[in-house]
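Participant: Predicted model and sequence below, questions to follow.
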Number of protein chains: 2
Amino acid sequence: MGEFELIRRFFDRADRSAPAVVKGIGDDCAVLAPTPGWQWLVSTDMLVEGRHFLSTVDAERLGHKALAVNLSDLAACGATPRAFFLALALPRADAAFLEGFARGLFALADAHGIALAGGDTTAGPLNVCITVMGEAPQGQVLLRSGARPGDELWISGTLGDARLALEVFRGTASLPGEQFAQVRRAMELPQPRLALGQALRGIASSAIDVSDGLAGDLGHVLKASGVGAELVFEALPRSAILAGQDLALQQECLLSGGDDYELIFTAPPGRHQDVREAAARAGTPVSCVGRISPDPGLRLLDAAGRPMAERFASFDHFKS
Amino acid sequence: MGEFELIRRFFDRADRSAPAVVKGIGDDCAVLAPTPGWQWLVSTDMLVEGRHFLSTVDAERLGHKALAVNLSDLAACGATPRAFFLALALPRADAAFLEGFARGLFALADAHGIALAGGDTTAGPLNVCITVMGEAPQGQVLLRSGARPGDELWISGTLGDARLALEVFRGTASLPGEQFAQVRRAMELPQPRLALGQALRGIASSAIDVSDGLAGDLGHVLKASGVGAELVFEALPRSAILAGQDLALQQECLLSGGDDYELIFTAPPGRHQDVREAAARAGTPVSCVGRISPDPGLRLLDAAGRPMAERFASFDHFKS
């Protein structure tokens, strides 16, 4: 199977129309038509075997996840997804792998109305690099820098299951089969919170998605906004499975676990009800977990509001 | 050196302003402001060691080439470059390598006024994936599909030196040191023809860049346009070094050699003088090398207009 046949067979869906894509696969560049008065949001993520996914991963789930982690960046900016680009290095042109990968990729793409508009394929060690493009009305993009003292701190969904699954793979935790399948699903099939991000336009003051762990990612917001935060440990949303683990493991998974792809966002307390309504419209559960303060740093509080001693570490690809 | 320090030290140049980039490195997405009435052109290329560059490549030249091959796609569409995104998998955070890579990358970026607006870094087998974005006025994008019977066929610069260098690396050809340095330069430091592409807006009927070889890439234009072409072998522009090689090697390098990153384009014969003037404005030599015909297929002619028998092969990453 040659390069062009591979693209034609698995990735070229010229029959699918996408309003923003004037010209998709098949020329030197894709041609995209901007919506007047909107801005483009662009993000790129590279996934490498052994780092971002295990060699045991199912091809369909890999296709899903590679796009999901990118869409999550669009969600964190409140963007409407428009087009994505896929660069793929493959050890060999394996039809069974490509079929599964494309199935997972396009199922998620179709669910969010985003079109594959171009890409590149080459032989090489397995590497999946996706660039996503979305749009948001000018001035309504959610950034990391907008959190203000007094803002409430919110988190979508639950945190920590992906990390719990990783600990099981590592052999440092164990779970009954059905529970393992569920947390593995969280790790391998994250759901980007696009509907929530869009619903929060004009309401949230800042947002970020949790890819490297709550403490580290929230730290980016605090730094970019020049503020600090108090986080109530008991308020952190977690699954019943994670809630059943010992406290040290819970803390590790909730605070330092990556791969959650939930949104952390802030909004003024006066918008509390608006946040609740936006979340309901988006069909996404949200939890209020703390508050932005003028004092730099991140402080973890117990249910009684007393500080808990914690070492926060987020995931860094060139450390540990 | 951690991931964030690596980005800050080598790639974050927040001090450089770029009008199209509202928000660059440091948020979940980059924010780009479209020019009203223009369309976005987007292309992505992935470079893998051993496939697209040799392990002996100089880091600075690799930085140059990784961006150059992408800019060449923008050139082929007549686009003005705006922003690019860099995803990098590195076996280790090697400061000397990164410094050289960034130097080559930014020298070319600055020469063409394109800003690094975001990216991703991870540990993994060396892989460089760049996505470029540019703009062109709506309706003036150069596509592969616009060639019409009777159009003249043009090529910028010279072809084949990059392939000649590769043959020397492979040991199937040999050159004196100075000549080798020159063709190696063609292979490692290709110059994207952006000024020419922009000058050809409204003049050229179709365009493509030569990445996989003249025969194969011209074939894409012919197929997309539903036409054929006659190509005059003697008219194909080549360096004095390549012209000094035996004919079989010349043919191989001119017709099947990839990595040239020159533009092949077509224009109606009535625009001949306009093409010459556009090329002069862009400071880029161009050669008229043949003509588009209504009969499908690519025919190679000798100086007397007689058909030459040729087998055309272009480069395919999953074949040969």
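Facilitator: Right, received. Where do you want to start?

Participant: And the strands in chain A?
Facilitator: Taking DSSP state E to define them, one finds strands in chain A at A:21-23, A:30-32, A:38-48, A:80-90, A:115-123, A:127-137, A:152-156, A:206-209, A:228-232, A:263-267, A:286-293, A:297-301, A:307-308.

Participant: Can you say which of the ones you listed is nearest to B:F233?
Facilitator: When the strands of chain A are compared by Cβ to Cβ, strand A:115-123 sits nearest B:F233, at 30.5 Å. C-beta: built from backbone N, CA, C; applies to glycine.

Participant: Pull the residues that contact the closest one.
Facilitator: Residues from elsewhere that reach strand A:115-123, judged by Cβ atoms under 8 Å, 6 or more residues apart in numbering or on different chains: A:3, A:6-7, A:11, A:13, A:16, A:18, A:20-21, A:24-25, A:29-30, A:32, A:82-92, A:105-106, A:109, B:42-48, B:51-52, B:129, B:317-318.

Participant: same question, stretch A:8-23
Facilitator: Contacts of stretch A:8-23 with the rest of the structure, by Cβ under 8 Å, 6+ apart, involve A:1, A:24-26, A:30-35, A:82-83, A:86, A:95, A:98-99, A:101-102, A:106, A:113-117, A:119, A:135, B:39, B:141, B:143.

Participant: Quick one: residues contacting the spatially closest residue to A:P285 that is not a sequence neighbour.
Facilitator: Excluding its sequence neighbours, the residue lying closest to A:P285 (Cβ to Cβ, 6 or more residues apart in numbering or on different chains) is A:G157, at 6.1 Å. Counting by Cβ under 8 Å, 6+ apart, A:G157 touches A:Q191, A:R193, A:P237, A:D260, A:E262, A:T284, A:P285.

Participant: So what does A:G157 look like in phi/psi?
Facilitator: phi 60, psi -140 (degrees, to the nearest 10).

Participant: Please apply the same query to A:V141.
Facilitator: Torsion angles, degrees, to the nearest 10, at A:V141: phi -70, psi 130.

Participant: What about it, how many residues nearby?
Facilitator: 25 (other Cβ atoms under 10 Å in any protein chain shown).

Participant: shouldn't it be in contact with A:W38?
Facilitator: No - applying Cβ atoms under 8 Å as the test, A:V141 and A:W38 come out as separate, 9.6 Å apart.

Participant: what's the burial count for A:A199?
Facilitator: For A:A199, using other Cβ under 10 Å, the count is 22.

Participant: Setting aside sequence neighbours, what's the nearest residue to it?
Facilitator: A:A278 (3.8 Å).

Participant: what do you get for A:L242?
Facilitator: Here the residue nearest A:L242, using Cβ to Cβ, 6+ apart, is A:G160, at 4.8 Å.

Participant: and what of A:L200?
Facilitator: A:A278 (5.5 Å).

Participant: got a pLDDT number for that neighbour?
Facilitator: We have a pLDDT of 97 for A:A278.

Participant: Report the separation between it and A:G197.
Facilitator: Applying Cβ to Cβ, to the nearest Å, the value for A:A278 to A:G197 is 10 Å.

Participant: try A:W40
Facilitator: 15 Å.

Participant: So if I had to pick from these two, which one is more boxed in?
Facilitator: A:G197 (32 against 29).

Participant: Please work out the residue of the stretch 101-250 of chain A nearest to chain B and name it.
Facilitator: Across the stretch 101-250 of chain A, no residue is closer to chain B than A:G124, which sits at 3.5 Å (Cβ to the nearest Cβ).

Participant: List the residue ranges of the stretch 101-250 of chain A that fall below the pLDDT cut-off.
Facilitator: Regions of the stretch 101-250 of chain A meeting the criterion pLDDT under 70 are absent.

Participant: Break down it into its helices, ranges please.
Facilitator: A:161-170, A:177-188, A:194-199, A:214-225, A:240-243, A:247-251 (DSSP state H, counting those that start in this stretch).

Participant: Need those in JSON lines (columns: distance to B:N70).
Facilitator: Shown next, in JSON lines, are the helices of the stretch 101-250 of chain A (distance: least, Cβ to Cβ, whole Å):
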{"stretch": "helix A:161-170", "distance to B:N70": "33"}
{"stretch": "helix A:177-188", "distance to B:N70": "31"}
{"stretch": "helix A:194-199", "distance to B:N70": "28"}
{"stretch": "helix A:214-225", "distance to B:N70": "28"}
{"stretch": "helix A:240-243", "distance to B:N70": "43"}
{"stretch": "helix A:247-251", "distance to B:N70": "44"}
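
Participant: circling back to that earlier point, how about the contacts of A:G157, which pair is most distant?
Facilitator: A:Q191 and A:P237 (14.5 Å).

Participant: thinking again about what came up before, let's see if you can find the most crowded of the contacts of A:G157.
Facilitator: A:E262 (31 neighbours).

Participant: Pretty sure A:I208 is one of the things that residue touches, is it not?
Facilitator: No - using Cβ under 8 Å, A:E262 makes no contact with A:I208, being 10.1 Å away.

Participant: can I get the CA coordinates of stretch A:126-140 in CSV?
Facilitator: Output of stretch A:126-140 as CSV, limited to C-alpha atoms (Å, rounded to 0.1, in the frame of the first residue of the first chain):
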residue,chain,number,x,y,z
LEU,A,126,4.9,5.5,15.5
ASN,A,127,4.0,9.2,16.0
VAL,A,128,0.7,11.0,15.8
CYS,A,129,0.7,14.7,15.5
ILE,A,130,-2.6,16.6,15.2
THR,A,131,-3.2,20.3,14.7
VAL,A,132,-6.7,21.5,15.4
MET,A,133,-8.3,24.8,14.3
GLY,A,134,-11.4,26.3,15.7
GLU,A,135,-13.1,29.7,15.9
ALA,A,136,-14.6,31.9,18.6
PRO,A,137,-16.2,35.4,18.3
GLN,A,138,-13.5,38.1,18.7
GLY,A,139,-13.1,39.0,22.4
GLN,A,140,-14.9,35.9,23.7
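
Participant: how about that stretch, does it get close to chain B?
Facilitator: Yes - applying Cβ under 8 Å from any Cβ of the partner chain, one finds stretch A:126-140 touching chain B at A:N127, A:C129, A:T131, A:M133, A:G134, A:Q138.

Participant: now do stretch A:49-57
Facilitator: Yes - residues of stretch A:49-57 contacting chain B under Cβ under 8 Å from any Cβ: A:E49, A:G50, A:R51, A:H52.

Participant: ok, of those, which come out buried?
Facilitator: A:E49, A:H52 (16 or more other Cβ atoms under 10 Å in any protein chain shown).

Participant: got JSON lines for the residues of stretch A:49-57 next to chain B, with pLDDT too?
Facilitator: Converted to JSON lines, those look like this (pLDDT from 0 to 100):
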{"residue": "A:E49", "pLDDT": "88"}
{"residue": "A:G50", "pLDDT": "81"}
{"residue": "A:R51", "pLDDT": "79"}
{"residue": "A:H52", "pLDDT": "77"}
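
Participant: Up against chain B, what does the stretch 101-250 of chain A have?
Facilitator: Going by Cβ under 8 Å from any Cβ, the residues of the stretch 101-250 of chain A near chain B are A:117-125, A:127, A:129, A:131, A:133-134, A:138, A:141, A:143-145, A:207-209, A:224.

Participant: now the strands of chain A as CSV including distance to B:V183?
Facilitator: Output for these, formatted as CSV (distance: least, Cβ to Cβ, whole Å):
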stretch, distance to B:V183
strand A:21-23, 35
strand A:30-32, 33
strand A:38-48, 32
strand A:80-90, 27
strand A:115-123, 24
strand A:127-137, 30
strand A:152-156, 56
strand A:206-209, 47
strand A:228-232, 59
strand A:263-267, 53
strand A:286-293, 60
strand A:297-301, 57
strand A:307-308, 65
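
Participant: nearest spatial neighbour of A:G100, skipping sequence neighbours?
Facilitator: Nearest one to A:G100, counting by Cβ to Cβ, 6+ apart, is A:A59 at 3.2 Å.

Participant: Correct me if wrong: the one you found contacts A:A96.
Facilitator: Yes - the pair A:A59 and A:A96 qualifies as a contact (Cβ under 8 Å) at a distance of 7.4 Å.
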